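Peer 1: no letters, just coordinates:
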């Protein structure tokens, strides 16, 4: 999946409160609802809230994502 498609999916999920599954370059799977997608070159990361834990945010570098899908 190319980076533009990943950013587009994350941005859509962020605006529509959808949960996503991310697969990272190291094979790690991360599931959460995007709360912010920062595409500024110095950040280039997505903030995710894990299911069932609204007080926690996980930050993932967009460059580390190889695939993303809404679930």
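Peer 2: Thanks, I have the structure now. Nothing here was measured: the structure is a model prediction, and the numbers come from that model.
Peer 1: so where does the spatially most central residue of the chain fall, helix or strand?
Peer 2: When Cα atoms, centre = their mean is applied to the chain, the residue found nearest the centroid is residue 46 (4.8 Å). For residue 46, the element it lies in under DSSP states H and E is strand 45-49.
Peer 1: note down every partner strand of that strand and its orientation.
Peer 2: strand 29-38 (antiparallel), strand 58-61 (antiparallel) (DSSP bridges).
Peer 1: hmm, back to that, what about the residue nearest to the centre of the chain, distance to residue 12?
Peer 2: Shown here: residue 46 relative to residue 12, a distance of 12 Å by Cβ to Cβ, to the nearest Å. Using the backbone N, CA and C atoms, a C-beta is placed for each residue, glycine as well.
Peer 1: cool, and residue 68?
Peer 2: 10 Å.
Peer 1: now name the helix or strand holding residue 9.
Peer 2: Per DSSP H and E: helix 3-16 holds residue 9.
Peer 1: residues making contact with the helix or strand following that helix?
Peer 2: Once the chain leaves helix 3-16, the next helix or strand it forms, by DSSP H and E, is strand 20-24. Strand 20-24 is contacted by residues 9-10, 13, 29-34, 46, 48, 60, 64-71 when judged by Cβ atoms under 8 Å, 6 or more residues apart in numbering.
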